[in-house]
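Asker: kindly generate the corresponding structure for this input.
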Amino acid sequence: MKKVSLAVLVSLSALTGAAYAQSENGITMSTDPAKAADVEQRAQDLQSRQQAAAQAQSEMPAKHHKKGHKKAAQ
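Answerer: Take a look at the predicted model:
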C-alpha cells in the first residue's frame with residue numbers, strides 16, 4: 001500500500017510540475033489580426049532567409065583536398 005501511495009504522490013508531483021512549466025513559458029493566444037499578420041510575416045521572412053542560406057551553401061564549390069603520399073626515407 002505504501003508503494004502505491006508513493007507512486008501516486010510522485011506522479012501527481014510530476015504532473016503539477018509540468019502544468020506549472022506550461023503556464024510559465026509565456027505562450028499566449030491572441031485573436032488580434034494585426035498580431036497574427038506580424039507573426040506570419042516574421043515566419044515568412046525567416047523561411048526565406050533559411051532558403052537563401054541553403055541555396056547559397058549549395059552553390060558554393062566543394063573544396064577537395066588531395067593528400068599526397070609521402071615516401072619514407074630509406
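
Asker: residue 3 and residue 12, how far apart?
Answerer: Using C-beta to C-beta, to the nearest Å, one gets 15 Å for the distance from residue 3 to residue 12. From N, CA and C alone the C-beta is placed, and that goes for glycine too.

Asker: which one of these two is surrounded by more residues?
Answerer: When residue 3 and residue 12 are compared for neighbours, residue 12 comes out ahead with 10 against 7, by other C-beta atoms under 10 Å.

Asker: so where does the more buried one fall, helix or strand?
Answerer: In the assignment (DSSP states H and E), residue 12 maps to helix 2-23.

Asker: and the average pLDDT for that helix is what?
Answerer: Average pLDDT, helix 2-23: 75.

Asker: roughly how far out does that helix sit from the chain middle?
Answerer: 27 Å (C-alpha atoms, centre = their mean, to the nearest Å).

Asker: pull out the buried positions in whichever helix or strand comes after it.
Answerer: Next in sequence after helix 2-23, counting helices and strands by DSSP H and E, comes helix 33-59. By neighbour count on 16 or more other C-beta atoms under 10 Å, the buried set for helix 33-59 is empty.

Asker: work out the gap between helix 33-59 and the centre of the chain.
Answerer: 16 Å.

Asker: cool, stretch 51-63 as well?
Answerer: The answer for stretch 51-63 is 22 Å, by C-alpha atoms, centre = their mean.

Asker: kindly report the same for stretch 31-45.
Answerer: 20 Å.

Asker: list of residues touching it?
Answerer: residue 30 (C-beta atoms under 8 Å, 6 or more residues apart in numbering).

Asker: quickly note the distance from residue 12 to residue 5.
Answerer: 11 Å.

Asker: try residue 41
Answerer: Relative to residue 5, and taking C-beta to C-beta, residue 41 is found at 53 Å.

Asker: now residue 42
Answerer: 49 Å.

Asker: cool, and residue 59?
Answerer: Distance from residue 59 to residue 5, by C-beta to C-beta: 64 Å.
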